[in-house]
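Asker: only the shape, not the letters, is given here:
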DNA sequence: CGCGATTTGTGCACGCCTTCACAAGCGCCT
DNA sequence: AGGCGCTTGTGAAGGCGTGCACAAATCGCG
């Protein structure tokens, strides 16, 4: 078992061990665990899988298996060391590097994202804003100046930006994605409702706000049809957790 | 558009037919298919599973299986009737009802959501905005007036609002959720980074913008560690999609 | 009218994920 | 020191989702 104890000692960049290949489902939950850990107001320095699972809204066995995947160090009979676990997860997620992020599209949504402090407080630095509209270029948002998209490539390379956020209309999204890729960006968070075509080494995650509502609408429709039927079924599964 | 219900249960006109119990994964993809169908500029009135799958960014076999689950009407050798398929999916998702949605929290993000026209154009009506801050009450956004959250319960009942969107800080989210539930809301879209506790008959979907970035950050971290290792990486896969 | 081209619908196998249940380990208390 | 209660880590089973590969069905055309 490789000891990838994360030390802050600079100067050993080549010693990053083989990365644990975590299941995708586990990766998606690590940020949840991290948030739950940070929100713990409890003064105790350890927490049981049961307690953390409740705080994160998941099954405790699932949480233990997730943590075991990253070779975590819990103590039987005691639980997990909160500080150590936070450190471990932040290291795995690469959050200790406070990655630079650029945002393209300062419209309705982009404006809100630029001002969203949840990014800054959870491991990221928005370092540049871009828009194609000359009327918006020069506008100052949250201490940053909106630049024209033509400057994207130069700035992204200079700042070694690896993550880009697309908050443009769908019609512009593919062109922006191409530009981001050309600038060396290898991870894209796409808020535009469209499919992006990118090289295989670029990761894309998509957030479509309307789709979330449509999924809820389906469940509404289903619930309505069930209540109209005789012998309406009881409620199905739903995650319930203790409030903070 | 006539309310063309699908032909099952031909003997009981007034009742909604037994709802097909679609896999959750399928449900989550139906909105994608719907968007792809609407974006089709092609003048033809039918489309093959291959074509639609490409437009939606999924495997064609998966798409066929998804559509078969909802008793779809494709024609072998021809494809799917675009208009009929749109109608079918919109019916299943309950979008033909243009459900009323209320939004709580008119801060940075909430303001953007209130102005987001993607909701209106894809089956929803935002009918009420609420905030706890007296300074915001009375403000007009996109033709709507922000009301105080104390009015939530009365208005939600009056308008029969079934879907609520939470865009408040995390500290207020649980209280707002309780209020929504008390007002009869049975579906909640939560943008606050916290776990909500709700009754079993209430559906909750969560969108955490920072989590999405953190997942991307993990992949960045992984990619960086891989490039430092011998063996390099092979990129042969080809993501293909219909360009904008 | 029949044949071939085309496309849907689906049986099947495989792999991932979840969940249960329990052995192993740890610390505290007597 | 030893036993006891608590908690982690994990083997195993079951369910779910995915994608291949092919039979069934439909249309167009000669």
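Answerer: Here it is on my side, so go on. Just so we're clear, the structure is a prediction, and the values are computed from it rather than from any experiment. Residues are numbered from 1 along each chain as shown, chains lettered A, B, ... in the order given.
Asker: scan chain A for its longest strand.
Answerer: Longest strand in chain A, counting residues (DSSP state E): strand A:124-131.
Asker: just the pLDDT for residue A:228.
Answerer: pLDDT for residue A:228: 72.
Asker: for chain A, what lies in contact range of DNA strand D?
Answerer: A:47-50, A:60-61, A:64-65, A:67-68, A:72-80 (C-beta under 7 Å from any atom of the strand). To be clear about C-beta, it is placed using only N, CA and C from the backbone, and glycine gets the same treatment.
Asker: out of those, which sit inside helices?
Answerer: A:49-50, A:60-61, A:64-65, A:67-68 (DSSP state H).
Asker: who wins on neighbours among these?
Answerer: residue A:67 (22 neighbours; other C-beta atoms under 10 Å in any protein chain shown).
Asker: what distance do you get for that residue to residue B:77?
Answerer: The gap separating residue A:67 from residue B:77 is 52 Å, by C-beta to C-beta, to the nearest Å.
Asker: then residue A:184?
Answerer: Following C-beta to C-beta, the distance that separates residue A:184 from residue B:77 is 47 Å.
Asker: name the SS class of residue A:197, please.
Answerer: coil (DSSP: H, G, I helix; E, B strand; the rest coil).
Asker: show me where chain A has strands.
Answerer: Using DSSP E, strands in chain A cover A:46-47, A:74-75, A:79-81, A:99-104, A:124-131, A:140-141, A:144-148, A:163-166, A:187-190, A:203-206.
Asker: looking at those strands, which is buried most?
Answerer: Of all those, strand A:163-166 has the most neighbours on average by mean count of other C-beta atoms under 10 Å in any protein chain shown, namely a mean of 27.
Asker: could you spell out the sheet neighbours of it, each with its direction?
Answerer: Strand A:163-166 has these partner strands in its sheet, going by DSSP bridges: strand A:99-104 (parallel), strand A:187-190 (parallel).
Asker: of all those, which lies closest to residue B:135?
Answerer: Each of those has some distance to residue B:135 by C-beta to C-beta; the shortest is strand A:99-104, at 27.5 Å.
Asker: where's the closest residue to residue A:182 other than its chain neighbours relative to residue A:223, distance?
Answerer: Among residues not flanking residue A:182 along the chain, residue A:153 sits closest, at 6.0 Å (C-beta to C-beta, 6 or more residues apart in numbering or on different chains). Residue A:153 sits 49 Å away from residue A:223, going by C-beta to C-beta.
Asker: same question, residue A:91
Answerer: In terms of C-beta to C-beta, residue A:91 sits 43 Å off from residue A:223.
Asker: of those two, which one has the most company?
Answerer: The neighbour comparison of residue A:91 against residue A:223 (other C-beta under 10 Å) goes to residue A:223, with 21 against 18.
Asker: nearest spatial neighbour of residue A:63, skipping sequence neighbours?
Answerer: residue A:53 (4.4 Å).
Asker: the one you found: how many residues sit nearby?
Answerer: Residue A:53: 21 neighbours (other C-beta under 10 Å).
Asker: hang on, it packs against residue A:65?
Answerer: No: Residue A:53 lies out of contact with residue A:65 (C-beta atoms under 8 Å); the separation is 11.0 Å.
Asker: ok so, going back, redo the strands of chain A as a markdown table? Include mean pLDDT and distance to DNA strand C.
Answerer: Shown next, in a markdown table, are those (pLDDT from 0 to 100; distance: least, C-beta to the nearest atom of the strand, whole Å):
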| stretch | mean pLDDT | distance to DNA strand C |
| --- | --- | --- |
| strand A:46-47 | 96 | 10 |
| strand A:74-75 | 96 | 5 |
| strand A:79-81 | 97 | 10 |
| strand A:99-104 | 98 | 24 |
| strand A:124-131 | 98 | 25 |
| strand A:140-141 | 96 | 37 |
| strand A:144-148 | 98 | 37 |
| strand A:163-166 | 98 | 22 |
| strand A:187-190 | 98 | 19 |
| strand A:203-206 | 98 | 15 |
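Asker: nearest to residue B:178, of the ones you listed?
Answerer: strand A:46-47 (25.7 Å).
Asker: what angle separates the lengthiest helix in chain A from strand B:99-104?
Answerer: Taking DSSP H as the criterion, chain A has its longest helix at helix A:209-227. Computed by axes from the mean of the first three to the mean of the last three C-alpha atoms, to 10 degrees, the angle separating helix A:209-227 from strand B:99-104 equals 120 degrees.
Asker: please spell out which residues along helix A:209-227 are buried.
Answerer: A:209-223, A:225-226 (16 or more other C-beta atoms under 10 Å in any protein chain shown).
Asker: with stretch A:68-78 instead?
Answerer: Within stretch A:68-78, the residues that qualify as buried are A:69-70, A:72, A:74, counting by 16+ other C-beta under 10 Å.
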